[in-house]
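any chance you could fold what I've pasted below:
(one chain, ligands or ions: 4)
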Amino acid sequence: KKAKTLKQPMAFYDQDDDKAQYRELLIINGLPKGLKQNQLFMVFQPKLDIKSGKCKQVEALIRWQHEGLGLISPNEFIPLAEQTGMIDLLSTWVLDNVLAQQAKWRNMGVYVNVAINLSSTDLDNPNLAADVATKLSQYLVPADTITIEITESVLMKSLEQTIVTLHQLRDIGVKLAIDDFGTGHSSLAYLRHLPVDEVKIDKAFLDEFETSQAAKQIVKTSIELAKNLGFEVTVEGVESKSVLDSLHLLGVDTIQGDYFAKPFTASEFEHSYLQLNYP
Ligand code: C2E
Ligand code: MG
Ligand code: MG
Ligand code: MG
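Ligands and ions are numbered 1, 2, ... in the order given. The predicted model follows:
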């Protein structure tokens with residue numbers, strides 16, 4: 001923080017803090033209205049099979065075109081929704097939106113598994129699996145065409161309910177993925193007791209992949225161990241041909257990143273998914 005020289009203690013006041021707080025307030029207060037008015041929307045980033053280069057899945061990612069603040073990143077508003085208890089509202093909206101989209105795609109003959117990000121608060125909800133099951137039948141979407149991504153840090157809280165919910169989701173038939181693997185300090189050995197199909201190696205390691213021997217070793221070891229334990233391995237954040245080549249050699253199954261495809265709107269995706277391949 002900037003040092004302040006002010007005459008009166010009463011005047012301790014930081015304009016930047018104030019601005020940040022005001023922005024938070026706009027975001028928090030604007031969320032219910034934003035959801036109602038469709039200021040929020042989903043984009044879909046392809047995940048490609050590393051061998052065939054074909055798109056086998058998309059990850060649904062939320063965006064908010066705020067009326068006053070412009071486009072806001074989920075990295076900013078998801079934590080605020082979690083802190084204020086509004087994540088329930090948001091996640092319900094995401095599930096409805098994505099399942100409706102998936103139903104539409106299936107009717108059009110666009111067959112692709114869709115991954116949905118849920119937050120730790122969602123997994124603490126004992127009704128989550130039942131709610132998901134109800135929605136799947138409501139939208140006529142087969143459970144195994146949906147993957148739920150949970151960040152690794154969620155598991156580190158090791159809440160009993162989280163584990164129960166994961167098993168219930170697995171029983172329904174949805175696929176499960178551990179997101180941002182490597183950031184939560186859990187071990188793959190621990191993950192092997194969980195009903196998880198896929199491990200996504202965190203982008204942070206990829207960012208250093210070519211400059212840091214240590215980062216490269218972490219990625220390499222994680223991939224080997226995950227594969228030995230029977231998980232599918234996805235690497236996200238692939239931005240270059242040289243990284244892709246290394247991942248090929250390391251035996252990665254699935255790749256996601258701006259090098260192949262940035263997140264698309266639903267209609268952009270419909271028009272291009274068959275052509276998607278390595279550039
Ligand atoms: P995530 O689930 O790990 O999603 C991957 C993020 O990495 C996305 O950022 C994606 O756009 C970005 N990414 C993928 N490949 C590349 C690349 O090659 N280069 C770069 N620079 N970025 C890449 P995004 O969309 O900003 O989402 C950030 C995070 O917000 C997500 O991380 C996820 O944790 C959360 N999030 C997004 N949508 C939702 C949602 O619907 N619900 C919840 N609960 N969280 C969401
Ligand atoms: Mg994710
Ligand atoms: Mg991730
Ligand atoms: Mg992330």
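
ligand 3 contacts on the stretch 101-250 of the chain?
Asp179, Asp180 (C-beta under 5 Å from the ion). No exception for glycine: its C-beta is placed from N, CA and C like everyone else's.

got the residues of the stretch 101-250 of the chain near ligand 2?
Near ligand 2, when you scan the stretch 101-250 of the chain using C-beta under 5 Å from the ion, you find Asn117, Glu149, Asp179.

hang on, the second one in a strand?
Yes. With DSSP: H, G, I helix; E, B strand; the rest coil as the criterion, Glu149 is part of a strand.

tell me who's in contact with it.
Glu59, Ala115, Ile116, Asn117, Leu118, Ala177, Ile178, Asp179, Lys200 (C-beta atoms under 8 Å, 6 or more residues apart in numbering).

what is the burial count for the second one?
In terms of burial, Ala115 registers 25 neighbours under the definition other C-beta atoms under 10 Å.

so what's it bridging to?
Here Ala115 sits in beta bridges with Glu59, Thr147, going by DSSP bridges.

next one, pLDDT for it please.
Looking at Ala115, its pLDDT is 98.

low pLDDT regions in the stretch 1-150 of the chain?
1-13 (pLDDT under 70).

quick one, strands of it?
Using DSSP state E, counting those that start in this stretch, the strands of the stretch 1-150 of the chain run over 40-49, 55-66, 70-72, 113-117, 146-151.

do the shortest one and ligand 1 meet at all?
No. Contact of strand 70-72 with ligand 1 (C-beta under 6 Å from any ligand atom) is absent, the minimum separation being 10.1 Å.

what's the spacing between that strand and its chain's center?
On the basis of C-alpha atoms, centre = their mean, to the nearest Å, strand 70-72 sits 18 Å off its chain's mean C-alpha point.

may I see the buried residues of it?
Ile72 (16 or more other C-beta atoms under 10 Å).

pull the residues that contact that strand.
Ile27, Arg63, Trp64, Gln65, His66.

walk me through which strands it pairs with, and which way each runs.
strand 55-66 (antiparallel).

run the contact check for the strand it pairs with versus ligand 2.
No. Using C-beta under 5 Å from the ion, strand 55-66 never reaches ligand 2; the gap is at least 5.5 Å.

can you dump the C-alpha atoms of that strand in PDB for me?
Output of strand 55-66 as PDB, limited to C-alpha atoms (Å, rounded to 0.1, in the frame of the first residue of the first chain):
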ATOM      1  CA  CYS A  55     -12.500 -32.600 -30.900                       C
ATOM      2  CA  LYS A  56     -13.900 -35.000 -28.300                       C
ATOM      3  CA  GLN A  57     -15.100 -32.600 -25.700                       C
ATOM      4  CA  VAL A  58     -15.700 -29.000 -24.900                       C
ATOM      5  CA  GLU A  59     -15.300 -27.200 -21.600                       C
ATOM      6  CA  ALA A  60     -18.100 -24.700 -20.800                       C
ATOM      7  CA  LEU A  61     -16.700 -21.500 -19.400                       C
ATOM      8  CA  ILE A  62     -18.800 -18.600 -18.100                       C
ATOM      9  CA  ARG A  63     -18.500 -15.000 -19.200                       C
ATOM     10  CA  TRP A  64     -20.200 -11.800 -18.000                       C
ATOM     11  CA  GLN A  65     -20.800  -8.800 -20.200                       C
ATOM     12  CA  HIS A  66     -21.600  -6.400 -17.400                       C
END
